[in-house]
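*Asks:* Have a look; sequence and predicted model below, questions after that.
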Amino acid sequence: YLATLVSRLPMDSGTGFVTILGPDNRVVSAPGGSAPEYDAEGMLSPLHQSVKIFQHPHDVCVDDDENLYIAQWNSGKTYPIKLERI
């Protein structure tokens, strides 16, 4: 799990998304970001923010039930966002 601070918006716009890797270190999901797409050679196309859900995601923590907690930096003192495993 990675917090990713890349978007197509200005640097100070409070953006970012989370990248979830599978056991083979390939991106399987990007909550808040574009869908991962691989070409015929297995190269990942660049990811970008597609929905403004997170504000400067800074860290990802995982609990015993494999839910994710996304900590955000400079987010107006908000609590971490919980993403429940489905």
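*Replies:* Here it is on my side, so go on. Residues are numbered from 1 along each chain as shown.
*Asks:* and the most centrally placed residue in the chain, backbone torsions?
*Replies:* By C-alpha atoms, centre = their mean, the chain has its centre lying nearest to residue 18, at 0.7 Å. The phi/psi pair for residue 18 (degrees, to the nearest 10) reads phi -110, psi 140.
*Asks:* Next: residue 42.
*Replies:* The phi and psi values for residue 42, taken as degrees, to the nearest 10, are phi 90, psi 10.
*Asks:* Quick one: neighbours of it, just the number.
*Replies:* 7 (other C-beta atoms under 10 Å). Any C-beta I mention is one placed from the backbone N, CA and C, and that applies to glycine too.
*Asks:* what's the answer for residue 77, then?
*Replies:* By other C-beta under 10 Å, 6 other residues sit near residue 77.
*Asks:* For the residue nearest to the centre of the chain, which non-adjacent residue is closest in space?
*Replies:* residue 31 (4.8 Å; C-beta to C-beta, 6 or more residues apart in numbering).
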